[in-house]
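> Okay, predicted coordinates and the sequence, questions at the end:
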Amino acid sequence: MALGDDSVFGRTVVRRMIDLNADLGEGFGHWRLGDDEALLNLVTSANVACGFHAGDPATMRTVCTSAVARGVRIGAQVGYRDLAGFGRRAIDYDPSDLADDVLYQIGALDAFARAAGDRVRYVKPHGALYNRIARDAVQAEAVVRAVVAYPSAPGTPLPVLGLPGSVFLELATAAGLPAIAEAFADRAYTPQAALVPRSTPGAVLSSPDEVAARAVEMALTGTVTAIDGTRIHVPAQSICVHGDSPAAVEMAAAVREALLGAGIELGGFA
């Protein structure tokens, strides 16, 4: 969370701002997943699938065009080359191949972002890759190397989104990339502050009211209740609501309303 201080009559008033992101562009061909247009009216950053776990050129162009029209930041959601598994199956990659695949995906999406009048503003890994690089230094370094290699705006390295305390964010910081800590309003956490595997009952939350309350808790306190009932630290500059959930639009709307109602401003980090 970005914090700023204003001095008012000798006391400090804290201004709070947080980014709200969602995974978009996850259809493929005639198959559609989620309501991208509705979500783009609610979020401040869009993690756009780049064609490896989901997405295709027409979808990427449509989402980028709509995002730019609404002032939503475009992020490259890079993943394993796994359309059949939606990028949720772990893959043992040669690090050089993984770095090249990530670089390829960033460049593909950036072409459509620039055609729409903007550029890719950040990178967020998807699914199994996201979880793997939270602890796997070899694959994390490959992803960092790809992001560092991408020629973004002069003197402006691309930020990356990841789990707080992850190996990925540590290596990104060491490489000079802005490392943005992310929390998930609609996912359960382990006591170690990792995401509960989707195969575990209760891993994905579906109640808009519950998800909204967790988002406010994360934004205001940097904590949340883990699946075992313990309190854990999840400092976040960005909160994610998954775009492929059945009630994704309703949840994103509830999260946005709750954050604003709690006096938290919404704004992109990039």
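Happy to help now that I have it.

> Please enumerate the helices of the stretch 151-270 of the chain.
Using DSSP state H, counting those that start in this stretch, the helices of the stretch 151-270 of the chain run over residues 167-174, 208-221, 248-261.

> what comes up buried for stretch 230-249?
In terms of neighbour count (16 or more other CB atoms under 10 Å), stretch 230-249 has its buried residues at 232, 234, 236-243, 245, 247-249. For the C-beta atoms, the positions are set from N, CA and C on the backbone; glycine is no exception.

> can you check stretch 63-80 too?
Quick answer for stretch 63-80 (16+ other CB under 10 Å): 63-68, 72-80.

> Greatest separation within these: which pair is it?
Greatest spacing in these, by CB to CB: 68 and 80 (27.5 Å).

> and stretch 81-94, how far apart are its ends?
For stretch 81-94, the first-to-last residue distance is 13 Å (CA to CA, to the nearest Å).

> Would you indicate which residues of the biggest helix by length in the chain are buried?
Counting residues, the longest helix found in the chain (DSSP state H) is helix 95-115. Residues of helix 95-115 classed as buried by neighbour count (16+ other CB under 10 Å): 98-106, 108-113.

> Please apply the same query to stretch 185-195.
Using 16+ other CB under 10 Å as the burial criterion, the residues of stretch 185-195 that qualify are 185-190, 193-195.

> Send me it as CSV with only the CA atoms.
Taking Å, rounded to 0.1, in the frame of the first residue of the first chain, the C-alpha atoms of stretch 185-195 are listed here in CSV:
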residue,chain,number,x,y,z
ALA,A,185,-9.0,-11.4,-1.5
ASP,A,186,-10.7,-14.5,-2.9
ARG,A,187,-8.1,-17.2,-1.9
ALA,A,188,-7.4,-18.9,1.4
TYR,A,189,-3.9,-18.7,2.9
THR,A,190,-1.8,-21.3,4.7
PRO,A,191,-0.3,-20.3,8.1
GLN,A,192,3.0,-19.8,6.2
ALA,A,193,1.3,-17.0,4.1
ALA,A,194,1.3,-19.2,0.9
LEU,A,195,-1.9,-19.8,-1.1
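
> what sits up against that stretch?
With CB atoms under 8 Å, 6 or more residues apart in numbering as the contact definition, stretch 185-195 has outside contacts at 131, 134, 163-165, 184, 196, 200, 202-206, 211-212, 214-215, 218, 224, 226-228, 230, 232-234, 239-242, 245, 251, 255.
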